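In: coords please:
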Amino acid sequence: MTERTVAPVGKPALASDSAGMRGSSNKPFCCRWVHSKLPLAHREELYHILRMTGPLLLSRILNYLLPFVVTMFCGRLGNEVMAGYGLASATINVTTAATGCGLGLACDTLVAQTFGGKNLRRVGVILQRGVIILLLFCLPCWGLLINAEAILLCLGQDPKVTRTSTVCVFLNQHPLHHLFHFSQHHFGDGEGEERSIIAQLYITAFIPAVPAMFLHQLQVTYLQNQGIIMPQMYTAALANIANVVTNYIFLYWLGLGVSGSAAANALSQIYICAFLFAYIRWKKLHVSTWGGWSVESLQEWGSYMKLAIPSTLMTCFEWWVYEFGGFFAGMLSEDELAAQHAVIMVAFITYMFPLGIQAAACARVGNALGAGDTARAILTSKMSLALAGSIAIVEGLVLGSTKSVIGFIFTSDEKIIGLVSHLMNAYCFLQFFDGLVCVCTGIFLGTGKQKIPAVANLIGYYGIGLSLSVTLMFVAKLRVLGFWLGLLICVILQSTFYITVIFKLNWERMTEEAVKRAQKKIHMTLLSAAAVSDALGNSVADQTANNANFVDDYMSVRSEWRDGSTGTQGGHVALQQQTGGRLSATQLVLRRGLTVFAAVGLLAVGATVHFLVPLTESLSAEANNNTMDWINTTHTPDQTFPTVSIPLEETA
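Out: Below you'll find the predicted structure:
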């Protein structure tokens with residue numbers, strides 16, 4: 001007796017049911033011209049990418065508003081407080097947030113591919129594994145954060161600072177869309193110390209929120225790679241409401257001053273994590289994938305870290321380069337710094353669009369590969385890049401036509417407005433290529449090839465981009481424009497390299513690796529080399545029509561018989577699932593125990609340094625007393641300091 005199995009090709013690899021998909025996917029594309037120029041398979045894929053991108057875009061904007069609200073409220077406490085919060089945010093984000101974000105990106109690959117392979121219970125195991133690993137990484141992050149004040153002082157935050165101090169706020173995802181600049185003008189003696197003291201207060205208060213920040217990252221990854229995207233938007237909106245109320249109560253009702261602002265900043269991360277967790281439990285979104293805590297989550301940490309480490313490096317390399325940009329701009333002049341800030345704020349808006357497409361591309365490429373659907377993964381890559389390029393062209397045209405008035409949003413200073421207009425000439429082109437780089441990164445995440453962007457970011461941003469930026473800024477005397485021109489050359493080269501690599505990938509091998517990760521029990525839809533070439537050059541609809549027979553929207557690509565023999569089509573070779581490499585109970589106890597010991601040891605080292613190593617003598621008792629005079633003072637609304645994003649004008 002035989003049993004014949006088939007693998008879906010015509011259906012999307014995301015969580016949503018594809019019944020009636022063709023009818024729904026035609027709704028946004030009812031124009032006859034679109035129907036005639038865009039094949040059905042392309043319209044369907046574009047529809048699903050757009051369906052994910054919209055809510056993802058809104059949820060990321062809402063996530064950004066959490067620290068933005070904290071910034072507005074802490075700005076009412078004075079420029080020194082705003083500077084301290086900026087230092088704290090920069091410290092948290094380039095160390096802790098970058099680490100958590102990078103480690104969580106491994107789950108993007110694993111969850112997407114495993115869910116695509118319909119191995120639902122394994123999705124829950126992967127989530128458990130990510131939770132344990134990220135919670136362990138909280139410990140060394142805490143050890144670093146409790147010593148932040150000493151680190152900041154060693155980096156030059158001392159009482160003799162007499163030049164403009166610039167700090168950058170990175171807010172959890174990417175510097176281009178989360179960068180916020182604060183500038184303080186000619187601080188007197190002791191105020192550099194005050195900045196560090198305030199920064200340490202914000203950092204110390206944030207320590208309990210680090211696990212919440214990491215867990216929220218995992219929850220978002222867990223949902224969006226199953227095609228579940230609306231809960232993130234709902235809970236982010238609710239968290240923003242709670243954040244505004246908390247800041248107002250702490251600062252104006254309870255009069256907690258800086259301490260209240262620091263507590264509210266930490267609570268904002270706890271809110272969004274708790275609300276999303278509660279929503280998942282309420283709507284029972286976890287039922288199909290969560291089988292309870294399992295010792296299986298202690299297995300396969302090596303394969304997880306092989307994805308997590310390059311993901312973390314990829315993230316850090318990209319985030320850190322913009323810290324250098326802020327530092328270099330601050331070395332030039334206050335006008336240059338203000339113009340740099342204005343362009344960064346514009347970049348925040350424009351980068352949101354490719355970032356949403358990146359998440360959608362990662363999920364759909366991973367789902368398709370996990371399901372063994374090579375052709376669908378290729379199509380998703382093509383349509384994601386085409387959509388990102390189209391949106392970037394529109395953005396470039398809008399920015400180019402309004403560049404002379406964009407500066408008025410931020411300041412009335414004619415010189416700064418002129419500088420902003422000048423910088424937009426470079427940024428209009430940069431955002432196009434940077435958008436392509438962003439979406440390509442999502443495709444690499446979906447395929448599990450994080451090493452490629454990790455190495456490319458190191459070479460591109462630092463070996464090429466930053467080197468050119470410094471040369472153009474200071475040697476060629478192009479000033480801050482040189483920074484953006486250096487980055488422009490960098491992203492042009494990166495986008496060209498990424499797109500070339502993507503369409504030169506061995507997609508058959510990518511599918512095999514994805515199926516191995518998913519440990520799926522159904523069969524793959526692999527294509528021969530000729531079929532892959534066709535998929536890269538032609539539509540999936542055309543390719544499948546020529547290479548397969550459809551039965552009820554399914555394509556028969558492989559048969560398996562109960563005696564173990566297999567039949568193949570299109571040059572497919574059967575893949576045998578590998579079950580080796582598992583650790584025994586004794587090995588698990590020893591290896592995981594050593595890992596926990598190492599994490600606790602790093603925290604202990606940090607605590608020892610914090611309590612036993614004295615801070616620099618410049619932290620005098622007089623400075624501490626001066627700081628405490630106002631650190632818990634809340635100004636009434638009629639005494640508020642304006643939250644400015646450009647430096648104060650120089651006074652005599």
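In: which elements pack onto the helix or strand hosting Y427?
Out: Using DSSP states H and E, Y427 sits in helix 414-447. If contacts are counted by 3 or more Cβ pairs under 8 Å, 6 or more residues apart in numbering; DSSP states H and E, helix 414-447 sits against helix 98-116, helix 334-370, helix 374-406, helix 451-457, helix 480-502. Where you see a C-beta, it was placed from the backbone N, CA and C, and this is true even at glycine.
In: in JSON lines: those, plus mean pLDDT and mean neighbour count.
Out: Below are the helices and strands packed on helix 414-447 laid out as JSON lines (pLDDT from 0 to 100; neighbours: other Cβ atoms under 10 Å):
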{"stretch": "helix 98-116", "mean pLDDT": "93", "mean neighbour count": "28"}
{"stretch": "helix 334-370", "mean pLDDT": "88", "mean neighbour count": "26"}
{"stretch": "helix 374-406", "mean pLDDT": "94", "mean neighbour count": "20"}
{"stretch": "helix 451-457", "mean pLDDT": "96", "mean neighbour count": "21"}
{"stretch": "helix 480-502", "mean pLDDT": "95", "mean neighbour count": "21"}
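In: can you redo those helices as CSV with distance to L254?
Out: Shown next, in CSV, are those (distance: least, Cβ to Cβ, whole Å):
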stretch, distance to L254
helix 98-116, 30
helix 334-370, 32
helix 374-406, 39
helix 451-457, 44
helix 480-502, 42
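In: of the ones you listed, which approaches N63 most closely?
Out: Nearest of those to N63, taken as Cβ to Cβ: helix 334-370 at 10.5 Å.
In: tell me the angle that closest one makes with helix 374-406.
Out: Angle of helix 334-370 versus helix 374-406, following axes from the mean of the first three to the mean of the last three Cα atoms, to 10 degrees, is 160 degrees.
In: what's I489 in contact with, if anything?
Out: I489 is in contact with I464, G465, L468, counting by Cβ atoms under 8 Å, 6 or more residues apart in numbering.
In: how about 10 Å then?
Out: Applying Cβ atoms under 10 Å, 6 or more residues apart in numbering to I489 gives the contacts L430, F433, G460, I464, G465, L468, S469, L472.
In: M230 versus the closest residue to the last one other than its chain neighbours, what's the distance?
Out: The reference is to L472. Nearest residue to L472, sequence neighbours excluded (Cβ to Cβ, 6 or more residues apart in numbering): G482, at 2.9 Å. From G482 across to M230, the span is 43 Å (Cβ to Cβ, to the nearest Å).
In: next: G448.
Out: 27 Å.
In: same check, this time on I241
Out: Look at I241 and M230: by Cβ to Cβ, they are 17 Å apart.
In: the residue nearest to L472 against L466, yeah?
Out: No. If you go by Cβ atoms under 10 Å, G482 and L466 don't touch, sitting 11.1 Å apart.
In: pull up the overlap in contacts between these two.
Out: F328.
In: now do the strands in the chain.
Out: 2-3, 7-8, 165-168, 181-184, 550-551, 554-555, 558-561, 566-568 (DSSP state E).
In: which residues touch the closest residue to F474 other than its chain neighbours?
Out: Distances taken as Cβ to Cβ, 6+ apart put G482 closest to F474, at 7.6 Å, once the chain neighbours are dropped. The contact partners of G482, taken as Cβ under 10 Å, 6+ apart, are F328, L332, A426, L468, S469, V470, T471, L472, M473, F474, V475, A476.
In: pLDDT, distance to L256 and neighbour count added to these, as a markdown table?
Out: Shown next, in a markdown table, are the contacts of G482 (pLDDT from 0 to 100; distance: Cβ to Cβ, whole Å; neighbours: other Cβ atoms under 10 Å):
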| residue | pLDDT | distance to L256 | neighbour count |
| --- | --- | --- | --- |
| F328 | 82 | 37 | 22 |
| L332 | 82 | 38 | 18 |
| A426 | 93 | 44 | 20 |
| L468 | 95 | 47 | 19 |
| S469 | 94 | 42 | 27 |
| V470 | 93 | 43 | 15 |
| T471 | 94 | 48 | 14 |
| L472 | 94 | 47 | 20 |
| M473 | 91 | 42 | 24 |
| F474 | 92 | 44 | 14 |
| V475 | 92 | 49 | 9 |
| A476 | 92 | 50 | 12 |
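In: ok, of those, which one's closest to E508?
Out: L468 (38.0 Å).
In: any idea how far V346 is from that closest one?
Out: Shown here: L468 relative to V346, a distance of 22 Å by Cβ to Cβ.
In: kindly report the same for K306.
Out: The value you get for K306 to V346, if Cβ to Cβ is used, is 37 Å.
In: next one: A264
Out: Using Cβ to Cβ, A264 is found at 28 Å from V346.
In: hmm, back to that, which one's more surrounded, G448 and M230?
Out: G448 (24 against 13; other Cβ atoms under 10 Å).
In: could you measure from the residue nearest to the more buried one when sequence neighbours are not counted over to V605?
Out: Closest residue to G448 apart from its sequence neighbours, by Cβ to Cβ, 6+ apart: T109 at 4.5 Å. Applying Cβ to Cβ, the value for T109 to V605 is 32 Å.
In: cool, L105 as well?
Out: 27 Å.
In: low-confidence stretches in the stretch 51-200 of the chain?
Out: The stretch 51-200 of the chain contains residues with pLDDT under 70 at 155-196.
In: let me see the domain layout of the protein.
Out: 57-300, 333-555 (automatic domain parsing).
In: looking at the ones you listed, which is closest to V589?
Out: Short answer: domain 57-300, nearest of the domains of the chain by Cβ to Cβ, at 9.2 Å.
In: which residues does K449 contact?
Out: T109, L307, P310, I443, V501, I502, L505, M510, E513.
In: tell me the pLDDT at the residue nearest to the last one when sequence neighbours are not counted?
Out: Computed as Cβ to Cβ, 6+ apart, the closest residue to E513 that is not its neighbour in sequence is G448, at 6.2 Å. Reported pLDDT at G448 in the predicted model: 93.
In: so how far is N265 from R479?
Out: 34 Å.
In: with neighbour numbers in mind, choose between these two.
Out: Neighbours were counted for R479 and for N265 using other Cβ under 10 Å; N265 has more, 28 against 22.
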